[in-house]
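Trainee: Predicted model and sequence follow; I will ask about them next.
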Amino acid sequence: MASKELNSTDYIEHHLTNLTYGKCPDGTWSFAEVHGKSQVAGTEASCNINEMGFWAFQVDTLFMSVLLGMGMIFFMRRVAKNASSSKPGRIQNAVEYLVTLVRDQVQDNFTADKNPLMGPLALTIFVWVFLMNLMDLIPIDLVPWIANGFTAPNAEGGVIHYFKVLPVADINAPMGMALGVLILIHYYSIKNKGLGGFLAELTFQPYGKWMAPINVIFEIPGFYAKQLALGLRLYGNLFAGEMIFILIALFFGGFFSSITGVLAGVAGLALNFIWAVFHILVVILQAFLFMVLTLVYLQQAHEHH
Amino acid sequence: MNFNATLFGQLLAFVFFVWFTMQYVWPYILEALEEREKEISDGLEAASRGKRELDEAHQKKAEILEEAKKEAADLVNQANARANQLVEDAKSTAHEEAERIKVSAQSDLDQAAKRTKEELRSEVAALSIAGAEKILGSEIDKDKNSQIIDQIAQEL
């Protein structure tokens, strides 16, 4: 579906650009400007993404993640409302399987005192991240095409010229969640160990209190690296997966123009299929990993050393 | 790939979804799950209890059956003994009766023979006398000769 007017670099760049709404240096809020025109037809863009700095929102990321999250909670709420112990329906069975899986993970990894937040937290993470990851399996040009009013995003006219369907390929989404986990880790660490205990853990280990400076050098990076890696791992895996899909999509570029284009297209189809099958694993695995690691880190926040 | 306010938008959404799940989803599903788990474990317990009771009942049944068999066997033995006894009794009674009948028949016979002898004797005596009268041609004084006659009769 890659259009002939685009060269490969433009195509890739297009797919890596978020639909961004933010505050420009001149104080006005608008969609970002890319290649001299606004990301959304009919709006004035006064600056590009880099000029916006911090006060910018990736509209597509937020839209997709909130949409999927809303879908998740409405679905779950419906099941929860009709949940009965005696006659579970098919959907309830499926959700119960999920809940059981999450509960077992919580019980396996979280041996500290019962914390009523852990189950819902783990369930939300697993389902939400799974749904967001799943967006990677939607044909890569389909949603941008729909967003642009059923025309190729670079064509004249259209509506929304930029739309990334995969929220986790935007670093803000996984890092936003990881930030939530980081806050929880600090909260529970201080709550359970006291501020002194928490700081002591970071400074008096592993070599005792007289080696505190060295301990800090060991402990602080380790402590924050794992929390940073929690988000980066998800982002990296899904971004890489998305990237491969984009590269494979380039195979379809000359589909209608020549015989080699057709051959490349067929090869692209095969590759796309193989990568999609492989990616199903990644989608589930990364969601699961995010959940389990969150539980493990929070368990550590509850442990006394 | 730039950090911006989206980070906090995502964080807020995350917090909201976790809160919602914690408030309105997790407890209900978990409750249904745990209730069912309890029902199942209760059911299994009831089943094993039922099985135990069934085993006990089987055992009791076997005991009762055994006892009944023994009783029946005793009864049969008793009945057999009694029947044998009756047969023996009947046999001996019949034997005695037969013996008695034989004895009485014998005595009847003896008596009849004796009586016949008696009759024959007197008849022979009369005949002898009649014969002797004819031979002698005169009447024998019965009174005189009665001693002789009786003697003869006695010898017959």
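Mentor: Ah, there it is.

Trainee: For the one helix or strand residue B:114 maps to, give the mean pLDDT please.
Mentor: Using DSSP states H and E, residue B:114 maps to helix B:26-136. Average pLDDT, helix B:26-136: 92.

Trainee: Quick one: distance of that helix to the chain centre.
Mentor: Offset of helix B:26-136 from its chain centre (Cα atoms, centre = their mean, to the nearest Å): 7 Å.

Trainee: residues in chain B within reach of chain A, list them.
Mentor: B:1-11, B:13-18, B:20-22, B:24-33, B:35-36, B:39 (Cβ under 8 Å from any Cβ of the partner chain). Where you see a C-beta, it was placed from the backbone N, CA and C, and this is true even at glycine.

Trainee: What strands line up against the helix or strand bottoming out on mean pLDDT in chain A, and which way round?
Mentor: Lowest by mean pLDDT, DSSP states H and E among the helices and strands of chain A is strand A:37-38, with a mean of 78. Partners of strand A:37-38 in the sheet, by DSSP bridges, are strand A:33-34 (antiparallel).

Trainee: I'd like to know how many residues surround the closest residue to chain B within the stretch 201-305 of chain A.
Mentor: Relative to chain B, the nearest point of the stretch 201-305 of chain A is residue A:239 (8.3 Å; Cβ to the nearest Cβ). Residues near residue A:239, counting by other Cβ atoms under 10 Å in any protein chain shown, number 20.

Trainee: by contact count, what packs against the helix holding residue B:114?
Mentor: In terms of contacts (3 or more Cβ pairs under 8 Å, 6 or more residues apart in numbering or on different chains; DSSP states H and E), helix B:26-136 is packed against helix A:59-81, helix A:90-109, helix A:118-134, helix B:142-155.

Trainee: give me the residue from chain B nearest chain A.
Mentor: Counting by Cβ to the nearest Cβ, chain B gets nearest chain A through residue B:10, at 2.8 Å.

Trainee: Distance check, the residue nearest to that residue when sequence neighbours are not counted against residue A:215.
Mentor: Leaving aside its sequence neighbours, residue B:10 sits nearest to residue A:176 (Cβ to Cβ, 6 or more residues apart in numbering or on different chains; 2.8 Å). As judged by Cβ to Cβ, to the nearest Å, residue A:176 and residue A:215 stand 31 Å apart.

Trainee: Retrieve the pLDDT associated with the residue of chain A found nearest chain B.
Mentor: Residue nearest to chain B within chain A: residue A:176 (2.8 Å; Cβ to the nearest Cβ). Looking at residue A:176, its pLDDT is 91.

Trainee: my guess is it contacts residue B:11, does it?
Mentor: Yes: counting by Cβ atoms under 8 Å, residue A:176 does reach residue B:11; the two are 4.4 Å apart.

Trainee: Would you mind telling me which of these two has the busier surroundings?
Mentor: residue A:176 (26 against 20).

Trainee: In which helix or strand does the more buried one reside?
Mentor: helix A:172-203.

Trainee: Run the angle between that helix and helix A:59-81 for me.
Mentor: Angle, helix A:172-203 to helix A:59-81, by axes from the mean of the first three to the mean of the last three Cα atoms, to 10 degrees: 80 degrees.

Trainee: Pull out the buried positions in helix A:172-203.
Mentor: Going by neighbour count (16 or more other Cβ atoms under 10 Å in any protein chain shown), the buried part of helix A:172-203 is A:172-182, A:184-185, A:188-189, A:192-193, A:198, A:200-203.

Trainee: Same check on stretch A:140-157?
Mentor: A:140-141, A:143-145, A:147-148, A:152-154.

Trainee: List the ones among the residues you listed that fall in helices.
Mentor: A:143-145, A:147 (DSSP state H).

Trainee: between those residues, which is nearest residue A:247?
Mentor: Closest approach to residue A:247 among those (Cβ to Cβ): residue A:144, at 16.3 Å.

Trainee: Report the separation between residue A:72 and residue A:134.
Mentor: 11 Å.

Trainee: Comparing the two, which residue is more hemmed in?
Mentor: Neighbours per residue, other Cβ under 10 Å: of residue A:72 and residue A:134, the larger number sits with residue A:72, 21 against 16.

Trainee: So that one is in contact with residue A:126, correct?
Mentor: No: applying Cβ under 8 Å as the test, residue A:72 and residue A:126 come out as separate, 10.2 Å apart.

Trainee: quick one: the longest helix belonging to chain A to helix A:90-109, angle?
Mentor: Using DSSP H to assign secondary structure, the helix with the most residues in chain A is helix A:259-302. Computed by the same axes, to 10 degrees, the angle separating helix A:259-302 from helix A:90-109 equals 50 degrees.

Trainee: can you tell if helix A:259-302 touches chain B?
Mentor: No: judged by Cβ under 8 Å from any Cβ, helix A:259-302 and chain B are separated, with a smallest distance of 10.7 Å.

Trainee: Could you list every helix and strand that that helix packs against?
Mentor: Using 3+ Cβ pairs under 8 Å, 6+ apart: helix A:259-302 touches helix A:90-109, helix A:118-134, helix A:172-203, helix A:212-249.

Trainee: Distance to residue B:58 for those - can I get that in JSON lines?
Mentor: Putting those into JSON lines (distance: least, Cβ to Cβ, whole Å) gives the following:
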{"stretch": "helix A:90-109", "distance to residue B:58": "38"}
{"stretch": "helix A:118-134", "distance to residue B:58": "46"}
{"stretch": "helix A:172-203", "distance to residue B:58": "57"}
{"stretch": "helix A:212-249", "distance to residue B:58": "61"}
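
Trainee: Nearest to residue A:276 among those would be which one?
Mentor: Closest to residue A:276 of the helices and strands packed on helix A:259-302 is helix A:212-249 (Cβ to Cβ; 8.0 Å).

Trainee: distance between the closest one and the chain's centre?
Mentor: 13 Å.

Trainee: What are the buried residues along it?
Mentor: Buried residues in helix A:212-249 (16+ other Cβ under 10 Å): A:212, A:215, A:219, A:223, A:226-227, A:230-239, A:241-242, A:244-246, A:248-249.

Trainee: Quick one: list the elements packing against it.
Mentor: Short answer (3+ Cβ pairs under 8 Å, 6+ apart): helix A:212-249 packs on helix A:8-15, helix A:172-203, helix A:259-302.

Trainee: Looking at those helices, which is nearest to residue B:125?
Mentor: Taking these one by one with Cβ to Cβ, helix A:259-302 is closest: 148.8 Å.

Trainee: need the contact list for residue A:71.
Mentor: residue A:131 (Cβ atoms under 8 Å, 6 or more residues apart in numbering or on different chains).
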